[in-house]
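J.: Quick one: sequence and predicted model below, then my questions.
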Amino acid sequence: MQKFIQIDPSEWNDNLFDRIGKEWMLISAGDRQATNMMTASWGGVGMLWNVPVATAYVRPQRYTYEFMEREPYFALSFLGKGFKQALQLCGTKSGRDIDKIAESGLTPRFDLPAPYFGEAEIVLICRKMYVQDLDPAGFIDATIASHYAKQDYHRMYIGEIVKVLQKVR
């Protein structure tokens with residue numbers, strides 16, 4: 001079984017533009033009875049309200065949205081190189097239609113308040129602090145609207161990073 005160590009969020013020294021935007025991450029929420037995950041290439045990490053936070057964005061039609069709404073914690077799992085096929089599956093197929101865990105071959109772990117994946121290099125466990133639907137009235141740059149042809153605006157979740165797990169190499 002994959003081993004992790006807990007590190008302080010300030011010890012995580014990565015190029016987040018590559019990690020999130022190019023390598024992608026899995027957003028997951030749920031429990032042993034029901035869990036779901038989705039691939040995301042939008043998000044962020046920083047400081048807000050004097051605590052380390054991560055932001056995740058989920059459209060309302062995504063199955064993961066139900067889990068994000070219900071659960072007080074979510075996880076961001078960064079798998080790194082070699083998992084593009086699993087990440088593509090998790091980003092294009094719905095957990096309503098298939099068993100994404102079985103199809104992806106990923107190994108869920110349930111020993112923390114949010115499910116995460118044993119194949120991850122880095123895991124952020126986040127406690128939800130704030131949610132907000134993106135409001136098109138706030139789009140100062142008109143090109144943003146092109147991401148919302150169906151007017152299915154993302155919900156932003158801001159979570160306090162309560163644990164950072166790093167794979168033991």
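T.: Now that the structure is in, tell me what you want to look at.

J.: How many residues are close by Gln6?
T.: Residues within reach of Gln6, counting by other CB atoms under 10 Å, total 11. Just so you know, the C-beta spots here come from the backbone N, C-alpha and C atoms, and that holds for glycine as well.

J.: That one belongs to a strand?
T.: Yes: under DSSP: H, G, I helix; E, B strand; the rest coil, Gln6 sits within a strand.

J.: So it sits against Leu165, correct?
T.: Yes: between Gln6 and Leu165 there is a contact under CB atoms under 8 Å: 5.9 Å.

J.: Which secondary structure element is home to the residue nearest to the spatial centre of the chain?
T.: Taking CA atoms, centre = their mean, the centroid of the chain lies closest to Ile27, which sits 2.3 Å from it. According to DSSP states H and E, Ile27 maps onto strand 25-30.

J.: cool, and Val131?
T.: Per DSSP H and E: strand 122-133 holds Val131.

J.: okay, and for this structure, where does confidence drop off?
T.: 1 (pLDDT under 70).

J.: just the helices in it please.
T.: Along the chain, counting by DSSP state H, helices occupy 16-18, 63-70, 84-92, 100-104.

J.: report the angle between the axes of the third one and strand 25-30?
T.: It stands for helix 84-92. 60 degrees (axes from the mean of the first three to the mean of the last three CA atoms, to 10 degrees).

J.: and Ala75, how many neighbours?
T.: Neighbour number of Ala75 under other CB under 10 Å is 31.

J.: From Glu23, how far out is the residue of the chain most remote from its centre?
T.: The outermost residue of the chain, judged against the average C-alpha position, is Ala142 (26.6 Å), by CA atoms, centre = their mean. Separation of Ala142 from Glu23 (CB to CB, to the nearest Å): 30 Å.

J.: Ok, His154 next?
T.: 20 Å.

J.: now do Pro60
T.: 26 Å.

J.: re earlier: go through the helices of the chain and pick out the most buried.
T.: helix 63-70 (a mean of 19; mean count of other CB atoms under 10 Å).

J.: got the angle between it and strand 25-30?
T.: Using the same axes, to 10 degrees, helix 63-70 lies at 50 degrees relative to strand 25-30.

J.: What lies in contact with helix 63-70?
T.: Residues from elsewhere that reach helix 63-70, judged by CB atoms under 8 Å, 6 or more residues apart in numbering: 27-30, 34-38, 56, 58-59, 74, 94-96, 128, 155, 157.

J.: if we go to 10 Å?
T.: Contacts of helix 63-70 with the rest of the structure, by CB atoms under 10 Å, 6 or more residues apart in numbering, involve 26-31, 34-40, 56, 58-60, 62, 74, 90, 93-97, 100, 114-115, 128, 131, 154-155, 157, 159.
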